[in-house]
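[1] Kindly return the folded structure for what I paste below:
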Amino acid sequence: MTTPKLQLLGPKTLHLCIDMQRLFAEKTVWHTACLPALIDPIRRIALARPGRSVFTRFVTPPTAADATGTWARYYSHWSSVTLDRMAPEMLDLVPELAALVPPDRIVDKTTHSAFCTGELAGLVAEERPDALVVTGVETDVCVLSTVLDAIDRGIHVVVVSDAVGGSVEESHRVTLDHVYPRYNQHLEIMTSDEVIAAWH
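    Next up, the predicted model:
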């Protein structure tokens, strides 16, 4: 089956950057070694269209006991990232991207998908973007969860191949090369240069 190609990205396109935070950039249990290499392509996309980027932050709970359901088990396992054990500034965006806000925006989330709190869903419902250009970390976790939620809402998704990454290289590659192409009627994969050239 042929993958449809979006020739142009319209002016209402949104760039959604997932979890480019100190929490993942620095030496924590969630350290993602590839993150520094993603900053430049993400920054170039954001600077190409000021005010059209939305940055998410994965906000962890005060303690594992404050989480519900399986999230309580999750944060019992990852207890060093709860806010009673970690400096709150670790939730901040990396400085190079934090400097772009405003005019760009930040949306906080408490689960893997950026649509979980309703703030992003409301923003998307109001702005009705032509497409959602997705960057950030991790390709196979929070980026994937957000992409699937966007697809279920009927949004055309563009995953930027040189601006997503993960802490497990094999899983990142499998998701990018084999999982995302399964959604080829909803999603396409482009490089940052292709996104900037196509965004009109």
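[2] buried set for the helix or strand of the chain with the lowest mean pLDDT?
    Lowest on mean pLDDT, DSSP states H and E among the helices and strands of the chain sits helix 119-127, with a mean of 94. For helix 119-127, burial by neighbour count (16 or more other Cβ atoms under 10 Å) applies to 119-121, 124. In short, each C-beta sits where N, CA and C put it, glycine included.
[3] same question, stretch 174-186
    So for stretch 174-186, counting by 16+ other Cβ under 10 Å, buried means 175-176, 180, 186.
[4] beta partners of the nearest residue in space to residue 18 that is not next to it in sequence?
    In space, and not counting its chain neighbours, residue 18 is closest to residue 136: 3.1 Å by Cβ to Cβ, 6 or more residues apart in numbering. For residue 136, the beta-bridge partners under DSSP bridges are residue 18, residue 164.
[5] Between the two ends of stretch 68-84, how far is it?
    17 Å (Cα to Cα, to the nearest Å).
[6] related to what we said a few turns ago, just confirm the residue nearest to residue 18 contacts residue 159, I think it does.
    No - using Cβ atoms under 8 Å, residue 136 is not in contact with residue 159; the gap is 10.2 Å.
[7] hey, what's in contact with both of the two?
    Residues touching both residue 136 and residue 159 by Cβ atoms under 8 Å, 6 or more residues apart in numbering: residue 143.
[8] ok, residue 31 to residue 18 distance?
    16 Å (Cβ to Cβ, to the nearest Å).
[9] Mind checking which of the two has more residues around it?
    residue 18 (30 against 12; other Cβ atoms under 10 Å).
[10] For that one, give me the pLDDT.
    pLDDT, residue 18: 98.
[11] give me every residue that touches it.
    Shown in contact with residue 18 (Cβ under 8 Å, 6+ apart): 56, 114, 134-137, 142-143, 146.
[12] Now the buried members of those residues.
    Neighbour-count burial (16+ other Cβ under 10 Å) applied to these gives 56, 114, 134-137, 142-143, 146.
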